[in-house]
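**Student:** Build me a model from this:
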Amino acid sequence: MIQIDVTAQVRDSSGKGAARTLRRDGRIPAVLYGPKTKPVSLTVDTHSFTKSLLGLQRRNAIVALTIEGDGLKNVMVKDIQVDPVTNALKHADFYELDLNNEYTYTVPVLYSGKAKGVDSGGELEIYVHTVRLKGKPLSVPDAIEVDVTRLQLEEEITMAQLAVPEGATLLGEPDSVCVAVVPA
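**Tutor:** Numbering: from 1, shown residues only. Modelled structure (predicted):
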């Protein structure tokens, strides 16, 4: 799983006017919450946070959130609000994770190679683009990669054949077909 670092400060002010003032100063309001955490109002530097988010591209990631005066928290970006016209960040929600608890994640499946069955006149049909994995945050991969070069005509790869790392459990039907080479 991807890991990034973000620095935040606790904010005292709240409301629409205070949020506008923060945004004018190059900062965005944020909130940290979780099952064992009281909600904490924060502020984050807009420029550095935007750069960090571009590296994530809406994937699962653990954010090492350093709060000045409070220490380090392992969090996940739960929600981001953007301006519909300018696409500028307006607000962020951070959810505190316990690295010893298991969570459910949606993980993309990436297919690589050219199947041998395609050269024989078949077509590669992809049925599954994402899978759900359950596991501790550090044991869940960023993506599951599948090499389809060995697939002949009328062969398939099922969910049970996916390379799921140790410590993560695949949720779903193991007999479900992920990718297959079918006659044209």
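
**Student:** right, and residue 45 touches residue 25 too?
**Tutor:** No - the pair residue 45 / residue 25 is not scored as a contact, 9.7 Å apart, by Cβ atoms under 8 Å. (C-beta placed from N, C-alpha, C; glycine too.)

**Student:** What separation is there between residue 158 and residue 172?
**Tutor:** Separation of residue 158 from residue 172 (Cβ to Cβ, to the nearest Å): 10 Å.

**Student:** And the pLDDT at the most centrally placed residue in the chain?
**Tutor:** When the chain is reduced to its mean C-alpha position, the nearest residue by Cα atoms, centre = their mean turns out to be residue 60, at 1.7 Å. With respect to pLDDT, residue 60 has a value of 78.

**Student:** What about the residue nearest to it when sequence neighbours are not counted, how many residues nearby?
**Tutor:** Using Cβ to Cβ, 6 or more residues apart in numbering and skipping the chain neighbours, the partner closest in space to residue 60 is residue 105 (5.0 Å). By other Cβ atoms under 10 Å, the residues close to residue 105 number 21.

**Student:** does residue 105 count as helix, strand or coil?
**Tutor:** With DSSP: H, G, I helix; E, B strand; the rest coil as the basis, residue 105 sits in strand.
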